[in-house]
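**Student:** Next input, structure requested:
(chains A and B)
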Amino acid sequence: MTETNDQLWKAQPGEPEPLEELVKTGGHPVGLDVGTSKVVSARRGGKDVACAVQLNAFIPVPYSPVTERTIQQQSEIHHFRDGDNIVIFGSATERFANMFNAETHRTMADGLINPSEKLAWPVLEQILRTLVPKPRAANEVLAFSVPAAPPGKEAQLTYHEATLRKHLQAGGYRAMAINEGLAVIFSELEDHNFTGIGVSCGGGMCNATLAFLSIPSIMVSVPKAGDFIDRAVGEAVGEHATRVKAIKEEGLDLTRAPRDKLEKALHIYYEDVVETLVDTMRRETSRAENLPKTDRALPIVLAGGTAKPRGFRELFERTLRGRKFPVEISEIRMAADPLTSTARGAHIAAMFEK
Amino acid sequence: MRPPRVFGLRPDPIAEIEERCRTIRDPVKKLRYVRRSLQRYESLDERFQAVPLAPVRWALYRMSRVDRARALFSPNPNGALNAPPHRPSAVAPRVRQAANWAAALLVVAAGLALASYPRSQPNDAPAPGVTPVAEHLPATQATLPPRGVWLVDSGEDFELYSNGLRIDTTYAIAGEPRRYRVFSIDGGMEPEVFDRPIGLVYHTSESDIWPLEESYNEKLQDSSQNLLRYLRRRHVYHYLIDRFGQAFRVVEEADRADHAGMSIWRSGERIWLNLNGPTIGVSFETRWEGGRALPITQAQLESGRRLTDYLRDKWSIAPDMCVTHGLISVNARRHLIGHHVDWARGFPFEAYGLPDLYQRRAPAVELFGFGYDEPFLEVMGGEPWAGVREAEDRLETEALSTGRTVEDVRRERSELYDRWLAEQTRDAEESAERARADPARIARGR
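**Tutor:** Here you go, the predicted model:
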């Protein structure tokens, strides 16, 4: 592909820069997507923006010297000792979960730090350490994503945001939070002058933001997303949620008729998530009183791991067109890279604040 | 790239930002340009708001059009809970100097401009410290319900009534069916569902205003037509009264239009939340700036009075259900009154034969413990309407008599509001869901 000037800032297709390379070299603003399922960092690496991904999960395994030695021999397994357990975290977690036929633990639930998980914060700190390098200069800017306040959970969001900010500031960054949907708009709707609707469907929640010229007018979140689908499908068909997730990520195709009970359940719960999200967006947009006066039709861009299955865009469009949406929509499209677009948008915000 | 010029009679500053943005390739530079331009507009808007003379303010807004960008002025542009510190004024010293010079020149010019303004200023000298909001209109006999307004003639695009009211129906459009519930003080949401309007809400259109002079005829008419087209597209208001006093129907009276937003009102034991369902919206074409309406003409007020009489007669609307938007509008999330402040003071209730509802205890304060913030007080000239103070007294009395703090009473009331609002929202959603599932019902329009 020939690179043009306006593409330079976008992540190029191909292999992402190795994690270690990113962590070694500080000195640039950082964008961080702190998601329930994955944590993604974005930084300028040469001409491009390079992203690194870490699974935001962990699994404690019983400590024994043999186990510890075995784990230590494999450099890609991140771990630490916690009393009688060895806590394995990050991308290796799923492998161990399948090995032990156990569920992975999550540091976050419904988009926020998991209040019922004792190890949530210690593990999340470790995960962030693998992705965020020490800054070279004082007050280097780091922008991290936060969800819109879920109804009734404003206080929990305050705690979540403040905890992350303090941790990152203690590491030497000038940390600032950015709404997740707005970050998607920054990374994907630059051609529309940052005007449109950014939707991020992650593990714990779906976030949607309507912005005009980069200023958010409506921000919503619904606590139904990938984890909800995994859990609900698991309960319906008697499978572990971790296993459902693996099958889902292997190549679910929502355009194709379901072939078995599990796929049928996946279709049903995907539809449920999209309907809930679209209804919430519609309701909040109808209620909004301070929308700028514009006749312009707005684009919608879909991002996040839960939006990745084939046919998700069509399902979203069908659901949206089936309801009377209060704002005219020009197009609905997928993000260039749904997994990293929030982090890349946060990176743009960090560069702007630099 | 330099931010756009702030003066120069251009049609739309937002369009100008957008146009220039198209030439910027780098997203960070583009974001920087957009945000700085908006900061600059916001900074200018703050300065203009502080200009004491309305004609000067008007001229500054006409030249800069920064008011069009107001919906994009945000203290929290990143959408996080903890907003970044507000940046210092983005207006460069040279620009600031230019703006100050322009303002100074305009103050001088205002002397001349004032000569053409008296036509639209009140006839009576205003009382010291009180800014008049509308021309004088003689009162009619208070609170007498109007009787016998009938249709005299009608055509494809007009209706003429016996009280002289002429309604232009060129822009009339059907809206969504009305459907609303009522709350009672003791019993909460009542089971009955209503679909008839039972009240009026008076608004100002917040649109651009040209001087009411013969030389501006074309501009005056164009801006009204543009406004009507916009209102029709968005189903906003049932009626608009233009600067010449012409009444235009927008959304059919029997249907629901968007106009009241989050709002609270009470009559006797009955309480309404969000008054789009139960009320008809009547808007006067003008703008409410810095707590003052730009001059509303006698023709507009007279037309509004005739329209009020017709609507009250047709729908049997009680006098205490004819309210202004400023009196009912609330910020539901922050539990504040005065979310919109159009006609938050100065509506000529007496001249319309209506009780002065500014004296009525504010239901949002009395029943639900709502408060208000500094910007609201600034707009109100330091003092809310009398009914707010009276409602606050009630809260204090209750707190004293029950041995609690006023804050405790307010919190308890706010929680009641949140519960009621959630109940009403759930009910509306379930009804919409049922309507979607029942095509026959949709076909019937209910």
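
**Student:** which residues sit in contact with the residue in the stretch 251-400 of chain B that chain A sits nearest to?
**Tutor:** When scored by Cβ to the nearest Cβ, the stretch 251-400 of chain B has B:Gly261 as its residue closest to chain A, at 4.7 Å. Where you see a C-beta, it was placed from the backbone N, CA and C, and this is true even at glycine. Counting by Cβ atoms under 8 Å, 6 or more residues apart in numbering or on different chains, B:Gly261 makes contact with A:287, A:289, B:274, B:276, B:329, B:339-340.

**Student:** Which of those residues ranks first by neighbour count?
**Tutor:** Most neighbours among those, by other Cβ atoms under 10 Å in any protein chain shown: B:Ser329, with 26 neighbours.

**Student:** Assign A:Ala50 to one of the three secondary structure states.
**Tutor:** strand (DSSP: H, G, I helix; E, B strand; the rest coil).

**Student:** Test my guess that it contacts A:Arg43.
**Tutor:** Yes: assessed by Cβ atoms under 8 Å, A:Ala50 is found in contact with A:Arg43 at 6.2 Å.

**Student:** Count the neighbours of B:Tyr61 for me.
**Tutor:** B:Tyr61 is flanked by 22 other residues according to other Cβ under 10 Å.

**Student:** Same check on B:Asn163?
**Tutor:** Close neighbours of B:Asn163, defined as other Cβ under 10 Å, add up to 16.

**Student:** did I read that right, it in a helix?
**Tutor:** No: according to three-state DSSP, B:Asn163 belongs to no helix; its state is coil.

**Student:** do you know how far it is from B:Arg305?
**Tutor:** To B:Arg305, B:Asn163 is 9 Å away according to Cβ to Cβ, to the nearest Å.

**Student:** what's the answer for B:Arg25, then?
**Tutor:** Using Cβ to Cβ, we find B:Arg25 at a distance of 57 Å from B:Arg305.

**Student:** now do A:Arg256
**Tutor:** A:Arg256 is 65 Å from B:Arg305, by Cβ to Cβ.

**Student:** And for A:Lys153?
**Tutor:** 49 Å.

**Student:** Also A:Arg259?
**Tutor:** Applying Cβ to Cβ to A:Arg259 and B:Arg305 gives a distance of 70 Å.

**Student:** Of these two, which one has the most company?
**Tutor:** The neighbour comparison of A:Arg259 against B:Arg305 (other Cβ under 10 Å) goes to B:Arg305, with 20 against 9.

**Student:** Can you name the next helix or strand after the strand or helix carrying the more buried one?
**Tutor:** For B:Arg305, the host element (DSSP states H and E) is helix B:298-315. As assigned by DSSP H and E, the chain's next helix or strand after helix B:298-315 is strand B:322-324.

**Student:** any weak-confidence spans in the stretch 201-350 of chain B?
**Tutor:** B:208, B:289-295 (pLDDT under 70).

**Student:** Please enumerate the helices of it.
**Tutor:** B:217-234, B:298-315, B:325-328 (DSSP state H, counting those that start in this stretch).

**Student:** In JSON lines, list those along with distance to chain A.
**Tutor:** Putting the helices of the stretch 201-350 of chain B into JSON lines (distance: least, Cβ to the nearest Cβ, whole Å) gives the following:
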{"stretch": "helix B:217-234", "distance to chain A": "7"}
{"stretch": "helix B:298-315", "distance to chain A": "22"}
{"stretch": "helix B:325-328", "distance to chain A": "11"}
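
**Student:** hey, which of those is tucked in deepest?
**Tutor:** The highest average neighbour count among the helices of the stretch 201-350 of chain B, using mean count of other Cβ atoms under 10 Å in any protein chain shown, belongs to helix B:325-328 at a mean of 27.

**Student:** That one - contacts with which helices or strands?
**Tutor:** Counting contacts by 3 or more Cβ pairs under 8 Å, 6 or more residues apart in numbering or on different chains; DSSP states H and E, helix B:325-328 is packed against strand B:199-204, strand B:264-267.
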